[in-house]
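>>> have a look; sequence and predicted model below, questions after that.
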Amino acid sequence: MRAVIIEEFGQPDGMRVVETPEPEAGPGQVLVRTEAIGVGGVDAVIRRGTIGLAARAGMIPGSEVAGTVVAVGPGADAALLGRRVWAFTGLTGGYAEYAVAGTADITVLPDGLSSAEAVTLGSAAVVAHFALWRAAFAGGESVLVRGAAGSIGIAAVEQAARAGASAIAVTTASPERGRRLRAHGATHVLDRAGAALDGDSGSLGDVDVIVDIVGGPDTAGFVDRLGPNGRLVLVGAVAGFPPADFAQPLLTAFRHSRSVATLSLDSIPLAERGRVRAEQFGEAVRGELTPVVHDVLPLREAAEAHRRMDAGDVFGRIVLEPAQD
């Protein structure tokens, strides 16, 4: 089969397409013929070699795929054969024509949802859901989504709007993106530093909840935008991890009772993730949740997908399709 490997960590050009043996489904696993592969921020972080995973040269990146189950391993339900599924492959193995996943890491796709739409929502919308849950967000509160133009951010904006947020601020790179985010429920548009990008954004004031997908050195400045009892949840680190003292504003404004938390889906039981994902796939079919596909590229253009992500040129998610090669 054809697969993309990371031959050298760092720049996108360190990835290339190779021929490699087709994987086999082990105990409790299924083999999926991939129809769509999600290209996410964590893939870029791994490719850069900036997080502490046991990554090695020659690894196949990619964590989520959608396609058809073509084989089942010992102990896996044979009824899954021929079913269309979304699958989490584990942070590796996704950028390929075939991928394996445990049966606890798959969600059967409903009619009316394409494979490209499934990998756009499959992880991202679940992260957004549990980020708002971790923040104990309630209707009537205000929310700021930092890095809102990606698939997690768009899902967070839509879910906060549906839950009755009083205001939804977003940080993004341009007024044009801000206009697109307003169509998903944003009420205030800020630039990446948190300054107003349009006329009424300066009236936002302090916020109750911040969903931070970006991380990096600017996180501390956003902590200081929380109002009394405000909560920031860090769910991503596309700009790197915040500095060790990023939570200092919590202490300098102790009387405001602000808090900072982190969220990894690894801390959420698999069954809970699967339940929420299945519900969200149904919501997408009914038009209640929007899978925003920025572009669909052939598998051989994985490096180009990463170049676009690194340049900040993606609104929603880029999807790779092996069938295009």
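Cool, got the structure.
>>> per-domain residue ranges of this protein.
The chain breaks down into these domains under automatic domain parsing: 2-113+291-324, 124-266.
>>> so can I have a markdown table of the ones you listed showing mean neighbour count?
For the C-beta atoms, the positions are set from N, CA and C on the backbone; glycine is no exception. Shown next, in a markdown table, are these (neighbours: other Cβ atoms under 10 Å):
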| stretch | mean neighbour count |
| --- | --- |
| domain 2-113+291-324 | 19 |
| domain 124-266 | 20 |
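>>> now mean pLDDT too, for these, in a markdown table please.
Shown next, in a markdown table, are the domains of the chain (pLDDT from 0 to 100):
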| stretch | mean pLDDT |
| --- | --- |
| domain 2-113+291-324 | 94 |
| domain 124-266 | 92 |
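>>> ok, which of these comes nearest residue 276?
Residue 276 sits nearest to domain 124-266 of all the domains of the chain, at 5.4 Å, using Cβ to Cβ.
>>> run through the neighbouring helices and strands of the strand ranked longest in the chain.
The longest strand of the chain (DSSP state E) is strand 29-39. If you count contacts as 3 or more Cβ pairs under 8 Å, 6 or more residues apart in numbering; DSSP states H and E, strand 29-39 packs onto strand 64-72, strand 84-88, strand 98-102, helix 115-121, helix 302-310, strand 317-321.
>>> reformat the ones you listed as TSV; add distance to residue 276.
Listed next are the helices and strands packed on strand 29-39 as TSV, based on distance: least, Cβ to Cβ, whole Å:
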stretch	distance to residue 276
strand 64-72	15
strand 84-88	12
strand 98-102	18
helix 115-121	11
helix 302-310	25
strand 317-321	18
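>>> and the helices in the stretch 201-325 of the chain, which stretches?
Secondary structure of the stretch 201-325 of the chain, counting by DSSP state H, counting those that start in this stretch: helices at 219-223, 248-252, 270-285, 302-310.
>>> follow-up on the earlier one: for residue 17, which of the helices and strands packed on strand 29-39 is the nearest?
Judging these by Cβ to Cβ, what sits closest to residue 17 is helix 302-310, at 7.6 Å.
>>> tilt between the closest one and strand 317-321?
For helix 302-310 against strand 317-321, the angle by axes from the mean of the first three to the mean of the last three Cα atoms, to 10 degrees is 180 degrees.
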